[in-house]
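Undergrad: Could you work out the structure for the sequence below:
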Amino acid sequence: MGNTRRDVLKAGVASLGALALWQRRANAVEQQKESEEEKPMEPMRPLDYGLSFICHAASFNAVRFWVESRTRIVDANAGTCTDYYQCASCKSEHTFAEKDLFQEDNYDFLPIFGAGNVLIFRRPVRLSDRYRQVSKCEEVWGAPILRLREASAATELNTWEEIRDATAAALPIVTQTEIQNADTGLRAIIECPTKTMNVSLEKQMYQVDTGPIALPDLTKQHDPQIDCLSLAFIVFNAPDFADFVVEQPTPVMEDEAEKCRVYHYSNPFSLPAKNRLLALSNT
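TA: Got it, this is the predicted structure:
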């Protein structure tokens, strides 16, 4: 079941040349998985995503963002470990105006913070050269104040029965997905709360579906590193692979003709991965 499905998804990636880097990364990770012994995932205490925020103290706007996911990038060659925090979307607005608070030409606005930088995504209805912008944090709202709350208790779910019972009990579930690239020596752990959990009692299967998350390109070094991140959704139902769909310019087709391009999560693909599910205490 898993192999056939992953092969189909990988074939879909090749349909757009812009996604070639994702295929190269998949191949590199697959080669490493085959050549190295499996190692346990690096432990990382999960955040309590209901209580984690990034605050600011700028006098013109002491804005607070809710943290939706965390991506940790480990560079074995440089000996560094850096966390990036993807925050919730909002809409373009006339902040603190007397009326007409939403901007007429509206767009989604989503920031990712880390290593003194902020990566801002602005998603209008049409393609824009302002879709991605990397700035120093102090140039926007000043230095971010991390109001992060680690989970008071977390239990790893190792069996189908544990996943089923934690889902039925409505416990918060956080997942951690580790991917890596043998050529660059880069690894990443993508951590996010499970917003949608599918459970089949008949098949005794689960399936996590969550996003957006900050998916890193591990095929090369980026300067600044935060520029390696893209917005994606993640899906998995097994411990050894994860499927992704990335937001990118996507053609709108009608009668086999391209009418326009919009930002959309498209062209799913699969990567070898190590997945963990952690149930947080609700006490």
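Undergrad: center of this protein, which residue is that?
TA: Ile213 (1.8 Å; CA atoms, centre = their mean).
Undergrad: Specify the beta-bridge partners of that one.
TA: Beta bridges link Ile213 to Ala232 when assigned by DSSP bridges.
Undergrad: Model confidence at the closest residue in space to Arg261 that isn't next to it in sequence, what's the number?
TA: Excluding the flanking residues, the one nearest Arg261 by CB to CB, 6 or more residues apart in numbering is Pro249, at 4.7 Å. No exception for glycine: its C-beta is placed from N, CA and C like everyone else's. Looking at Pro249, its pLDDT is 93.
Undergrad: Pro249: how many residues sit nearby?
TA: By other CB atoms under 10 Å, 15 other residues sit near Pro249.
Undergrad: that older thread, just the pLDDT for the residue nearest to the centre of the chain.
TA: For Ile213, the predicted pLDDT is 98.
Undergrad: didn't it look like it was pressed against Ser69?
TA: Yes - using CB atoms under 8 Å, Ile213 is in contact with Ser69, at 4.4 Å.
Undergrad: who touches both of these two?
TA: Residues touching both Ile213 and Ser69 by CB atoms under 8 Å, 6 or more residues apart in numbering: 86, 190, 192.
Undergrad: out of those residues, which are inside strands?
TA: Judged by DSSP state E, strands contain the following of those: 86, 190, 192.
Undergrad: Would you format these as a markdown table with pLDDT and neighbour count included?
TA: Below are these laid out as a markdown table (pLDDT from 0 to 100; neighbours: other CB atoms under 10 Å):
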| residue | pLDDT | neighbour count |
| --- | --- | --- |
| Gln86 | 98 | 27 |
| Ile190 | 98 | 27 |
| Cys192 | 98 | 26 |
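Undergrad: Including distance to Ser59, could the shared contacts of Ile213 and Ser69 go into CSV?
TA: Shown next, in CSV, are these (distance: CB to CB, whole Å):
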residue, distance to Ser59
Gln86, 26
Ile190, 35
Cys192, 33
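Undergrad: Just the closest of those residues to Asp243, please.
TA: Set against Asp243, the nearest of those by CB to CB is Ile190 (12.6 Å).
Undergrad: nearest residue to the closest one other than its sequence neighbours?
TA: Leaving out its chain neighbours, the residue that sits closest to Ile190 by CB to CB, 6+ apart is Thr177, at 4.6 Å.
Undergrad: got the residue ranges for the helices in the stretch 101-250 of the chain?
TA: Counting by DSSP state H, counting those that start in this stretch, the stretch 101-250 of the chain has helices at residues 160-168.
Undergrad: Any stretches of it with poor pLDDT?
TA: Applying pLDDT under 70 to the stretch 101-250 of the chain picks out no residues at all.
Undergrad: Who are the contact partners of the residue nearest to the centre of the chain?
TA: Going by CB under 8 Å, 6+ apart, Ile213 touches 68-69, 71, 86, 190, 192, 231-234.
Undergrad: cool, Arg123 as well?
TA: Residues near Arg123 by CB under 8 Å, 6+ apart: 107-110, 131, 247, 263.
Undergrad: now the residues you listed as CSV including neighbour count and distance to Pro239?
TA: Compiled in CSV, these are given as follows (neighbours: other CB atoms under 10 Å; distance: CB to CB, whole Å):
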residue, neighbour count, distance to Pro239
Tyr107, 17, 38
Asp108, 16, 33
Phe109, 16, 35
Leu110, 20, 29
Tyr131, 16, 34
Glu247, 21, 26
Tyr263, 21, 32
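Undergrad: Please report the distance of the residue nearest to the centre of the chain from His264.
TA: 16 Å (CB to CB, to the nearest Å).
Undergrad: what do you get for Ala97?
TA: With distances taken as CB to CB, Ala97 is found 31 Å from His264.
Undergrad: Please export the C-alpha coordinates of the longest strand anywhere in the chain as PDB.
TA: When the chain is parsed with DSSP E, its longest strand is strand 257-272. C-alpha atoms of strand 257-272 as PDB (Å, rounded to 0.1, in the frame of the first residue of the first chain):
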ATOM      1  CA  ALA A 257      -5.400  25.900 -21.400                       C
ATOM      2  CA  GLU A 258      -3.700  27.800 -18.600                       C
ATOM      3  CA  LYS A 259      -5.900  30.800 -17.700                       C
ATOM      4  CA  CYS A 260      -3.800  32.200 -14.900                       C
ATOM      5  CA  ARG A 261      -1.600  31.200 -11.900                       C
ATOM      6  CA  VAL A 262      -2.400  31.500  -8.200                       C
ATOM      7  CA  TYR A 263      -0.800  30.500  -5.000                       C
ATOM      8  CA  HIS A 264      -2.100  27.100  -4.000                       C
ATOM      9  CA  TYR A 265      -0.900  24.000  -2.200                       C
ATOM     10  CA  SER A 266      -0.200  21.700  -5.100                       C
ATOM     11  CA  ASN A 267       1.900  18.800  -6.500                       C
ATOM     12  CA  PRO A 268       2.200  16.400  -3.500                       C
ATOM     13  CA  PHE A 269       5.300  14.300  -2.900                       C
ATOM     14  CA  SER A 270       6.700  11.900  -0.400                       C
ATOM     15  CA  LEU A 271       9.800  11.800   1.700                       C
ATOM     16  CA  PRO A 272      11.300   9.100   4.000                       C
END
